[in-house]
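[1] Quick one: sequence and predicted model below, then my questions.
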Amino acid sequence: MKKKLLSILLSATMAAAMLAGCGNSSSQNTPTQDPAPAQTETPSNTETPANNETPAESTGGTLVYWSMWEATEPQAQVIQAAVDKYMADTGVTVDLQFKGRTGQREGLEAALAAGQQIDIFDEDVDRVNGTWGSYLMDLESLVAETGYEQKASPALMQIARDVAGGTLKSIPYQASVFAFFYNQDLFDQAGITAVPTTWSEFLDVCQKLKDAGIVPITCDDAYIDCMIGYHLGRLGGEDKVVDIVTNGKWDDPIVKQMAEDYEELASKGYFSPNLAQNVWPAGQNTELALGGAAMYLNGSWLPNEVKNMTGPDFRWGCFSYPAVDGGVDGTEALNVSNQVLAINKDSKMAKEAFNLITYITQGEFDAMMAEQAVSIPTDTTNTTWPKLMANVKPVYEGITAEGRYSWAVGVESNNDITPIIKENFTKLCAGSMTAQEFVDAMIAASK
């Protein structure tokens with residue numbers, strides 16, 4: 001799972017953003033969480049994507065679009081608005097069906113295999129290009145013909161190409177990053193003036209929080225294995241993590257080092273005493289959002305999910321998982337993800353489908369998606385991020401690694417062992433298992 005997110009890509013993204021300063025204004029094979037209710041404010045940007053100024057001529061028929069969202073979610077509401085405008089502008093009819101996560105994941109492949117008409121579908125970038133990869137249309141010619149990439153994020157487009165084996169077969173929207181989110185007020189209370197970039201600095205931050213009577217770290221069952229994934233990834237890179245998990249190489253020295261580092265966190269009392277019992281969303285809702293803990297490793301969708309609990313005055317902070325002594329990856333390596341839109345390779349309305357995708361992912365509706373779903377814009381000319389995402393922007397722009405981590409840095413690559421990893425790692429973090437006991441348990445489980 002070689003990492004390929006080149007630093008030049010994000011440099012190009014930032015350069016495009018600076019050039020577009022006078023432009024538009026706006027705002028996880030993962031446990032994709034349902035966002036909090038939508039914000040209703042509509043961004044000031046009302047520009048229609050450039051390549052929609054002259055709508056593509058319809059070949060007749062109806063576009064069928066299966067979406068992963070529930071109709072009540074903010075993402076769905078933005079997509080519905082884009083579809084409504086597209087139909088009004090072009091005269092093309094769109095049958096938009098909101099399937100929700102379960103409906104999409106359980107029903108799409110069977111429908112595609114049966115030859116049912118589905119022209120467009122969406123989900124996360126890895127699932128679309130992996131699980132459903134054989135049904136995807138090559139989009140390179142449509143992208144070239146329309147000039148789509150003039151406003152697209154080079155980094156996100158490269159990710160989409162990478163996961164499809166080098167050819168673009170899906171178009172990104174609603175980007176996210178996975179990092180430590182924290183309560184800035186609690187950091188201030190503890191006298192912390194800078195975010196940690198190394199493991200030793202991270203330990204210092206934890207101790208200052210504890211000394212101030214603040215619980216440093218919380219987590220829950222949905223995200224607990226992301227911590228072990230990130231730590232192993234920092235030490236050996238994602239390819240090694242995948243090798244350990246899929247081939248049972250739990251005797252690798254980096255496993256012992258990771259376990260010892262987390263045993264230290266547990267022994268010093270840096271984890272929430274509720275960690276072992278936390279079932280999602282307990283960690284984010286009852287602890288982080290309400291000020292009971294300072295830090296939580298999670299995705300950039302988190303501020304949106306808890307905004308009704310944190311209120312408008314909550315001060316978010318964000319930093320990348322720290323570098324570890326002797327490791328191969330630094331803070332520039334992160335899980336960067338997004339949803340994508342794809343066109344069925346058997347679609348008879350490919351141009352109309354791509355035109356609709358452009359409506360959703362660029363201009364007015366990309367800006368609206370960023371604002372209402374509190375996400376990262378994918379159109380580089382939409383340079384104003386949502387207020388709740390301001391803390392994420394420096395982290396996102398700091399990604400300069402020669403690659404991108406996948407979900408949990410590959411630690412969930414072996415579904416048979418994932419529950420055992422979570423169980424034993426939770427015990428390690430809760431202080432009921434030593435580092436050596438963790439290693440022994442994982443070696444035994446892999447036999």
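    Happy to help now that I have it.

[2] From the chain's centroid, how far away is the strand or helix carrying N308?
    Element membership for N308 (DSSP states H and E) is helix 307-310. Offset of helix 307-310 from its chain centre (Cα atoms, centre = their mean, to the nearest Å): 20 Å.

[3] How about stretch 159-177?
    12 Å.

[4] got the phi/psi numbers for A179?
    For A179, the backbone dihedrals (degrees, to the nearest 10) come out as phi -160, psi -180.

[5] Count the residues that sit near it.
    24 (other Cβ atoms under 10 Å). All C-beta spots, glycine's among them, are computed from the backbone N, C-alpha and C.

[6] any idea of the mean pLDDT in the host helix or strand of F438?
    Using DSSP H and E, F438 maps to helix 435-446. On average, the pLDDT along helix 435-446 is 97.

[7] What residues sit buried inside it?
    Buried residues in helix 435-446, counted by 16 or more other Cβ atoms under 10 Å: 435, 438-439, 441-442, 445-446.

[8] And the contacts of that helix?
    248-251, 255-256, 259-260, 262-263, 417, 420-421, 424-425, 427-428, 433 (Cβ atoms under 8 Å, 6 or more residues apart in numbering).

[9] Pull out the buried residues from the residues you listed.
    In the contacts of helix 435-446, the ones that pass as buried (16+ other Cβ under 10 Å) are 250, 255, 259, 262-263, 417, 421, 424-425, 427-428, 433.

[10] what would those look like in a markdown table with secondary structure and distance to L203?
    As requested, the buried ones among the contacts of helix 435-446 are exported to a markdown table (DSSP: H, G, I helix; E, B strand; the rest coil; distance: Cβ to Cβ, whole Å):
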| residue | secondary structure | distance to L203 |
| --- | --- | --- |
| W250 | coil | 25 |
| V255 | helix | 20 |
| A259 | helix | 16 |
| Y262 | helix | 12 |
| E263 | helix | 13 |
| I417 | coil | 29 |
| I421 | helix | 24 |
| N424 | helix | 23 |
| F425 | helix | 19 |
| K427 | helix | 21 |
| L428 | helix | 17 |
| M433 | coil | 20 |
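
[11] what's the farthest-apart pair in those?
    E263 and I417 (20.6 Å; Cβ to Cβ).

[12] hey, where'd the strands end up in the stretch 1-150 of the chain?
    Taking DSSP state E, counting those that start in this stretch as the criterion, the stretch 1-150 of the chain carries its strands at 62-67, 93-98, 120-124.

[13] Okay, domains of this protein per the record?
    7-176+337-397, 178-334+407-446 (automatic domain parsing).

[14] Lowest average confidence across the ones you listed, which one?
    domain 7-176+337-397 - the lowest mean pLDDT of these, at a mean of 81.

[15] residues near A114, how many?
    7.

[16] Next: Y173.
    Residues near Y173, counting by other Cβ under 10 Å, number 29.

[17] Having no further points to raise, I will conclude here.
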